[in-house]
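Q: Turn this into a structure:
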Amino acid sequence: MRSIEKILKEARSGQMADLPDAHLMPDEYESDEDSPLVDANADTEHVRKIYYCTRTHSQITQFIKELKRSSFGSSTRVSALASRQNLCVFEPVRQLRSQRLMNDRCVELQKGKSNAKPTAPLADATVGGGQKRRKRDPQLESSCPYYQKENIETLSTQILNEVLDIEESAKAGTETLGCPYYASRLALPDAEVVAVPYNLILHRPTREASGIQLKDQIVIIDEAHNLLDAIAGMYSAEITQRQVRKASSQLSQYHERYRTRLTPKNTLYIKQLILVLKKLLEVFQGLPAETADAKHSTPSKVFTMDSFLLSAKLESVNLFKILAYCKRSLISKKLSSYAEFYADPTSITGLLSSSQTDDGSPSSPLMVIEGFLETLTNANTDGRIVLSADTVSGGKLKFLLLNPAVYVSDIFQSARSVIFAGGTMRPVSDFEDQLLTMAGVAPSRVHKFACGHVVSPDNILPIALQSSPIGLKFEFNYMTRNTMIPQLGCLLSNLCNIVPGGIVCFLCSYEYEELVFTTFTKPGCEALKNIQRKKVVFREPKKSSDVEGVLTTYARAVKHPVGALTGAILFAVVGGKLSEGINFSDELGRCVVMVGLPYPNTNSPELQEKMKFLDSKLPGKQAGKAHYEGLCMKAVNQSIGRAIRHKDDYAVILLVDNRYAAPSINRALPEWIGDRLTIAPKFGDAFGSIRRFFSGKANKTGLTLDA
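A: Model (predicted):
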C-alpha cells in the first residue's frame, strides 16, 4: 500500500491527473501568469483613432451599419470589440452559462496544445434505451482550435480590410478558423475607428487587458445620459447572506475533500478565504432591527470602507493577495465545477444538495463574492458599505460607489478629446459636478453644444396639465397620489376618445401601477371600462422575457384595431423595461402621458449617503439637491423621449402634474420640448388643444376622429 506521502507527491506532480475529478484541482499556484499567445498589452504603436463607446452590442452593430453607408465606410479601418459571449466561436466554451465562466475556461484552454479540431456541437439526442446524449463537456476539451496565431493574424487583416460588425467578425472567424475575440484586439493598433461597449473603456482593468491605449486618442461616449449609472454599476457589488453561507459551506467541503491533494500555497489561501467568508457571515449578525418606518424604508447600516473592515475584523487580511490568488488559480470556477460535479445524481448523492443557486442551476456564488471583496480595496472616501435587511436572502451587503470620477479621470487626462453625446443629456449640472469637476477637468476644456430636434414644431404638442376634468389640482406627490387615481382614470378615458393609435402612459413605480389598476377595477369605478371602449389595455410585464410578446401584441392592436376600437394604451413604469431603448414611433406612440414627477425615495440610505458626499465635496453648490432633482428629471426625459423618433413623426406629450408648470422643471426638460411647452391650467384647455392637433393631422393624412 502506498503511503500518504507518496500519494501526495504523485498528486502534486500531476501523476494522478487521470482521476475523474482531477479537473477540479487548482494548479500549483505561481506569482506570475503565463504569457498569452496574443499579447494584448504588447508595446505597439497605435495610429490616431476614434473610440466609439456605447451601451450595448446591438448599438455597436447599428453604428457600424451606418458607418458602412457613409462616404467613409469603404476607406476606414474599423475594429469592433465585444465580449467572449458575442465573439467566441468555440462551441464548448459558448455553451457555458456566464461570461465569467467563459473567460476562465478560455484562459485555461490557452495553456493547452491546439490539437483539437473544430466540430459541430453535439445536440441533445435520444439514443438507444431512451437515454439522452449530453452536449460536449467543456471540461473535456484540452485546447481551443481557433487559438492559432497564424489564423488570428489572417482574420485580423481581414477585419481591417473590410468593415465588419460583431456578427460578421464571428462568422469570418468560423471560416478562417481564427479566434475573432483576439483577432479584433490584434487589429487595434492599426484601426482608425474602434467600436466598443461601455465596460471596455470605462472599466480600467478590462481596458488594460484589451490593449486599449487612450493617450492622444479621441473618445466618443454615446448614450452619455447613462454614464453615471454605468460607472456605478461596473464598480458596485452586492452579496447576500445566503450567498456567503453557501460559498462558505462549499469551500469548506472542497477543502476537506482535497486537503491531502492541495499544495501548501493553495491550502494557505483557501483557508484564508474560508476565514474571510466566516467574518462576512458574522457581519450579518449585526443587521439593524426593523423600525416604525420599516414600511417606507429598509432597516440598514452604513459603513465607511475603513469602519467596515474594522467591524468585520478584516483589517489585517491582505485582500490584494487573496484576490490575486482567486484570479490566477480560478478557484471560484473550480468550486463551481465541484458543485456541479457532485450535484450530479450519478456522483456522490446528496453531498452538495444545497449547491443550487436561486435560479435552480448548480453553481457557486464565490465569484460574486470575489467582486465584492475587490470593492473593499477602494479608497475610504470613495465609497460606502450598506448592510440592509432582506426577508428573502437574510440580508445584503452592498458597495455603493460615491465618486465615479475616480475611475474616469485618467481617461480625461490622457485622451486628446472626449465627446459626450446623447439625446437626453439634460439636466447637465449633475453630470458636470460628478464627473468633470470632481475629476479635475479645467472649465476651459469643457465646450457644450446642443441642437434642436429634426421634427417640425407643428409635429409636437407638449402640455403641462395642472388640473383634472372636474377641476381638482393634479399633484402626484407621496401624500396625495393615491387620491388622484380616480381623476387619472377620468383623464385617460377622455384622452382615449380623441387620440388615434397608441397611448403610452408612464407611472412612477411598479407598486403605484399595481395600485392604479386595483383602483380602476374596484366596484363603482368605471375608468377601465371606459378606456376599454376605445383602446385595448396592456401593462408592462414583470418578466423581461415577456416584453417582446407584449410589444408585439400591442403593435398589432394599434395597427389593426377591431370594431369600435381605435388602438391601444400601454401602461409602463418609469425606469422600467419600456422607459429606455424602446421606440414608440408613429402610431405606436401618438400620445405619451407622464404621470407625476418620479422623485427617488429620500429614505434610501444610498441616496442619503450620495447627497451628503456631494455636499461635502462641492460646498455651496447644493450638489446633493441637484443630484436628487436630476435623477427625477432624467427619468422623465428618458420616458417622454420614447415618442417622436423621426422627422415626420408627430405626437402629444402630456405632463400630468401641477409642478410641471414651475420654471425650474421647465429648464430641466430637453430644449425641443421645453421651448414648445404649453401650460394648461384647466383640463378643457388641454383637451381642446389636443383635439385640434389631431384634427389637423387627420386632415393631412385622411384619418377620421370620433366626435
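Q: What helix or strand is residue 332 located in?
A: Secondary structure assignment for residue 332, by DSSP states H and E: helix 331-343.
Q: Does anything pack onto that helix? Which helices or strands?
A: Packed against helix 331-343, as judged by 3 or more CB pairs under 8 Å, 6 or more residues apart in numbering; DSSP states H and E, are the following elements: helix 99-110, helix 241-258, helix 264-284, helix 366-375. All C-beta spots, glycine's among them, are computed from the backbone N, C-alpha and C.
Q: Residue 394 sits in which helix or strand?
A: Taking DSSP H and E as the definition, residue 394 sits outside all helices and strands.
Q: quick one: contacts for the nearest residue to it once chain neighbours are set aside?
A: Using CB to CB, 6 or more residues apart in numbering and skipping the chain neighbours, the partner closest in space to residue 394 is residue 241 (3.6 Å). Neighbour list for residue 241: 281, 284, 390, 393-396 [criterion: CB atoms under 8 Å, 6 or more residues apart in numbering].
Q: Can you read off the backbone torsions of residue 463?
A: Backbone torsions for residue 463, taken as degrees, to the nearest 10, come to phi -130, psi 130.
Q: so it makes contact with residue 690?
A: Yes: the pair residue 463 and residue 690 qualifies as a contact (CB atoms under 8 Å) at a distance of 7.3 Å.
Q: Mutual contacts of the two, please.
A: Taking CB under 8 Å, 6+ apart as the contact definition, residue 463 and residue 690 share the neighbouring residues 652, 654.
Q: which residues of the stretch 201-350 of the chain score low on pLDDT?
A: The stretch 201-350 of the chain contains residues with pLDDT under 70 at 288-298, 343-350.
Q: Could you dump the helices and strands packed on helix 331-343 into a markdown table and include distance to residue 509?
A: Putting these into a markdown table (distance: least, CB to CB, whole Å) gives the following:
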| stretch | distance to residue 509 |
| --- | --- |
| helix 99-110 | 31 |
| helix 241-258 | 26 |
| helix 264-284 | 28 |
| helix 366-375 | 27 |
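Q: Tell me the secondary structure of residue 569, please.
A: For residue 569, the secondary structure call by DSSP: H, G, I helix; E, B strand; the rest coil comes out as strand.
Q: meant to ask about residue 577, not that
A: Secondary structure assignment for residue 577 (three-state DSSP): coil.
Q: measure it to residue 59 for me?
A: Summarising the geometry, the distance separating residue 577 from residue 59, computed by CB to CB, to the nearest Å, is 17 Å.
Q: re earlier: nearest to residue 616, of the helices and strands packed on helix 331-343?
A: Closest to residue 616 of those is helix 366-375 (CB to CB; 20.7 Å).
Q: model confidence over that closest one, on average?
A: Per-residue pLDDT over helix 366-375 has a mean of 92.
Q: what separates it from the chain centre, distance-wise?
A: Averaging C-alpha coordinates over helix 366-375 and over its chain gives two centres that are 18 Å apart (CA atoms, centre = their mean, to the nearest Å).
Q: Now do that helix against helix 241-258, angle only.
A: Between the axis of helix 366-375 and that of helix 241-258 there is an angle of 110 degrees, by axes from the mean of the first three to the mean of the last three CA atoms, to 10 degrees.
Q: what helices or strands is the following helix or strand past helix 366-375 leaning on?
A: For helix 366-375, the succeeding helix or strand toward the C-terminus, using DSSP H and E, is strand 383-388. Secondary-structure packing of strand 383-388 (3+ CB pairs under 8 Å, 6+ apart): strand 300-304, helix 305-311, strand 396-401, helix 605-617.
Q: what does the shortest one rub up against?
A: What that stands for is strand 300-304. Residues outside strand 300-304 that contact it (CB under 8 Å, 6+ apart) are 286-288, 311, 380-381, 384-389, 605, 609.
Q: Counting neighbours, which bits of that strand end up buried?
A: The neighbour-count check on strand 300-304 (16 or more other CB atoms under 10 Å) flags 300-303 as buried.
Q: try the third one
A: By neighbour count with 16+ other CB under 10 Å, strand 396-401 contains the buried residues 396-401.
Q: tally of neighbours for residue 287?
A: By the criterion of other CB atoms under 10 Å, residue 287 has 18 neighbours.
Q: Name all residues that make contact with it.
A: With contact taken as CB under 8 Å, 6+ apart, residue 287 is in contact with 299, 301, 387-389, 395.
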